[in-house]
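S.K.: Turn this into a structure:
(2 chains)
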Amino acid sequence: MLRFQRPTGTQDILPEDQPYWEHVTACAVRLARQAGFERIDVPIFEATDLFARGIGTATDVVEKEMYTFTDKGGDSLTLRPEFTAGVVRAYIENGMHVRPQPVKLYSVGPVFRYDRPQAGRFRQFHQFNLEILGEQDPLADLEVMTVIWDLYATLGFRNLSFQLNSTGCPRCRPGYVEVLRDYYWRHREEVCDDCRRRMERNPLRVLDCKAEVCQPIIEAAPPILNHLCDECAEHFARLREYLDLLGRPYTLNHRLVRGLDYYTKTVFEVWAAGIGAQAAVCGGGRYDGLAEVLGGPPTPGVGVAAGIERIILAMKSQGIPVPPLPAPPVFLAHLGDAARREAVRLADALRQAGIGVWVAFGERGLKSQMREADKRGARFTVILGEDELARGVATVRDMAASGQIEIPLEELIPWLRERVGP
RNA sequence: GUGGGUGUGGCCUAAGGGUUAAGGCACCUGGUUGUGGCCCAGGAGAAUGUGGGUUCGAGUCCCACCAUCCACCCCA
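M.R.: Residues are numbered from 1 along each chain as shown, chains lettered A, B, ... in the order given. Predicted structure coming up:
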């Protein structure tokens, strides 16, 4: 009977899964750097109010998914449910508006949401995050999209679906919301209870409703794209023009509205098949009003967050392979006290020389040590016994070829370095 | 927060209400002096999620709780 187990919705990422994590994050970081993004690390917890104001009090994330606690000083803190609010806070707090604009930042790490876990959904999960701050050019929108796009392509994905929409800005959205309200008012008897409530609190979200009865209503609803102001329409048109220029296929989805309040203009998600009902592997968009809401100078911004667990799930489901992590190529077996002392010295010298070594522990028979060498996947097993010691040599066995030769101890390092060296 | 499925060694699986809960994988040790994989032998490892109840008797039936999985909601 286990005394302790991991908290609900968390997971242990075991060694056998690490090749996926290593590969995904390494690819993501490489692509981000290549496009000029610099790394920023922000705290895992922040003032609760930062998220409440940044994400929006009417959102599910803030209403019911935050891990909030009071610390010993009486401050209300919250484990970050996303990166953007913290990154924008850091931009403001560190006066990054005086740097050459825009500032392009990436982050990787855990985020936390109190949800009921299910396939592809966890309470602690990990995101790879990109933000471009201080730039209103739709080229910035394009760039976060293409870096993410290239990440999926580099990883080897096929059949991903890019969903794109524009949700307007404070100038045009209120007008559209009115049009939508009128429309829903006329259909108030036909839509679900949730949507009647949504019309009051968070009108755009009705477009996202999955209820059967609402589907025909949504289909016939006035699309927001017909109600964008000139600026938003122009922005969206240029973004689409660039996407077409690059030949990046996407699906216009006028129902895509996103759960966070801060989005303006561009919103997008990428969906993957085969990972359960939670198909979104990333989501993002533009948030031109966020910096001001957080007390900073007016600063346009656009960003994206990719869920690493979901990427890995989708890779496994699609059978996408990842390179193995390097393990020590040399296993050092020893027999007897004197040989063990020499083995300790030798292992130290090999590692100093940059050669990875696994040294056998304990006093065991050679058979046992050979079995271990095999399981550890060593390319060479170096055997040091009394015999070898007396003659100043080591037996080196090539595990795959099943052949072995003796090498004088003083030649061992160069001999191995030549074959497995750094 | 709601609904459904599932809980037997580390993992997978067996046990028609009736002996000391069986097997496979993995793990460890041997199979002549110091040699891995295949094979063989042996070993260690579980009071069957927890607590009640029904019964002469419960891994098996009932209830509750917990955990987990899937789905709703929402999202990464």
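S.K.: what residues does the stretch 101-250 of chain A put near RNA strand B?
M.R.: Contact residues (CB under 7 Å from any atom of the strand) of the stretch 101-250 of chain A with RNA strand B: A:113, A:115-123, A:125, A:127, A:194, A:205, A:208-211. (C-beta placed from N, C-alpha, C; glycine too.)
S.K.: again, but for the stretch 251-400 of chain A
M.R.: Contacts of the stretch 251-400 of chain A with RNA strand B, taken as CB under 7 Å from any atom of the strand, map to A:258-260, A:269, A:276-283, A:305-307, A:309-310, A:335, A:364-368, A:370-375, A:383, A:385-388, A:395, A:397, A:399-400.
S.K.: hang on, the earlier thing: for the buried ones among the residues of the stretch 101-250 of chain A next to RNA strand B, write the corresponding ChimeraX selection.
M.R.: Selection of buried members from those for ChimeraX, criterion 16 or more other CB atoms under 10 Å:
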select /A:113,115,120,121,122,123,125,127,205,208,209
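S.K.: Mind checking which of the residues of the stretch 101-250 of chain A next to RNA strand B land in helices?
M.R.: If you go by DSSP state H, these have A:Asp194 in helices.
S.K.: And the spatially closest residue to A:Gly36 that is not a sequence neighbour, how close does it get to A:Glu269?
M.R.: Among residues not flanking A:Gly36 along the chain, A:Lys104 sits closest, at 5.4 Å (CB to CB, 6 or more residues apart in numbering). Per CB to CB, to the nearest Å, A:Lys104 is found 21 Å from A:Glu269.
S.K.: And the helix or strand of chain A with the lowest mean pLDDT, what's buried?
M.R.: Lowest mean confidence among the helices and strands of chain A (mean pLDDT, DSSP states H and E): helix A:193-201, at a mean of 80. Judged by neighbour count using 16+ other CB under 10 Å, the buried positions of helix A:193-201 are A:195, A:198-199.
S.K.: show me where pLDDT drops low in the stretch 301-422 of chain A?
M.R.: For the stretch 301-422 of chain A, the stretches flagged by pLDDT under 70 are A:422.
S.K.: Can you show me the helices along it?
M.R.: A:308-317, A:337-352, A:366-376, A:386-391, A:409-420 (DSSP state H, counting those that start in this stretch).
S.K.: re the thing from before, right, and the helix or strand after the least confident helix or strand of chain A?
M.R.: The helix or strand immediately downstream of helix A:193-201 is helix A:215-219, counting by DSSP states H and E.
S.K.: Just the buried positions in that following helix, please.
M.R.: Across helix A:215-219, burial judged by 16+ other CB under 10 Å covers A:217-218.
S.K.: Over to stretch A:224-233?
M.R.: By 16+ other CB under 10 Å, the buried positions in stretch A:224-233 come out as A:224-225, A:227-229, A:232-233.
S.K.: Leaving out the residues flanking it, which one is nearest to A:Leu243?
M.R.: A:Leu243 sits nearest to A:Tyr250 (CB to CB, 6+ apart), 6.0 Å away.
S.K.: The one you found: how many residues sit nearby?
M.R.: Applying other CB atoms under 10 Å, we find 18 other residues in the vicinity of A:Tyr250.
S.K.: can you check A:Ala338 too?
M.R.: Here the count is done by other CB under 10 Å, and A:Ala338 has 14 residues near it.
S.K.: Same question for A:Lys265.
M.R.: Close neighbours of A:Lys265, defined as other CB under 10 Å, add up to 27.
S.K.: Flag every buried residue along stretch A:322-330.
M.R.: Buried residues in stretch A:322-330 (16+ other CB under 10 Å): A:322, A:328-330.
S.K.: need the contact list for the residue in the stretch 251-400 of chain A that RNA strand B sits nearest to.
M.R.: Closest residue of the stretch 251-400 of chain A to RNA strand B, CB to the nearest atom of the strand: A:Gly259 (1.2 Å). By CB atoms under 8 Å, 6 or more residues apart in numbering, A:Gly259 lies in contact with A:59-61, A:205.
S.K.: what's the farthest-apart pair in these?
M.R.: Farthest-apart pair in the contacts of A:Gly259 is A:Val61 and A:Arg205; separation 12.8 Å (CB to CB).
S.K.: okay, how far is it across stretch A:49-64, tip to tip?
M.R.: Start-to-end span of stretch A:49-64 (CA to CA, to the nearest Å) is 14 Å.
S.K.: Likewise for stretch A:148-163?
M.R.: When the termini of stretch A:148-163 are compared using CA to CA, they are 13 Å apart.
S.K.: That stretch: which residues count as buried?
M.R.: Residues of stretch A:148-163 classed as buried: A:148-152, A:155, A:157, A:160, A:162-163 (neighbour count, 16+ other CB under 10 Å).
S.K.: Which one of those residues is nearest to A:Ala35?
M.R.: Nearest to A:Ala35 among these, with distances taken as CB to CB, is A:Asp150, at 8.7 Å.
S.K.: so what's that closest one up against?
M.R.: Counting by CB under 8 Å, 6+ apart, A:Asp150 has contacts A:Leu31.
S.K.: Give me the distance from stretch A:348-355 to the chain's centre.
M.R.: Here stretch A:348-355 is found 35 Å from its chain centre; the criterion is CA atoms, centre = their mean, to the nearest Å.
S.K.: same check, this time on stretch A:410-422
M.R.: How far stretch A:410-422 lies from its chain's middle: 38 Å, per CA atoms, centre = their mean.
S.K.: That stretch and RNA strand B, any residue contact?
M.R.: No: Stretch A:410-422 does not reach RNA strand B (CB under 7 Å from any atom of the strand); its nearest approach is 14.1 Å.
S.K.: For that stretch, which outside residues touch it?
M.R.: With contacts defined as CB under 8 Å, 6+ apart, stretch A:410-422 is touched by A:329-330, A:346, A:349-350, A:353-356, A:379-380, A:382, A:392, A:394, A:396, A:407.
S.K.: Derive a ChimeraX selection command for the buried subset of the residues of the stretch 251-400 of chain A next to RNA strand B.
M.R.: Buried residues among those (16+ other CB under 10 Å), as a ChimeraX selection:
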select /A:258,259,260,269,278,279,280,281,282,283,305,306,307,309,310,335,370,372,373,383,385,388,395,397,399
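S.K.: burial count for A:Glu65?
M.R.: A:Glu65 sits with 16 neighbouring residues when counted by other CB under 10 Å.
S.K.: Quick one: residues contacting A:Ala279.
M.R.: A:120, A:271-273.
S.K.: Let's see that with 10 Å instead.
M.R.: A:Ala279 makes contact with A:120, A:160-161, A:269-273, A:310, A:314, according to CB atoms under 10 Å, 6 or more residues apart in numbering.
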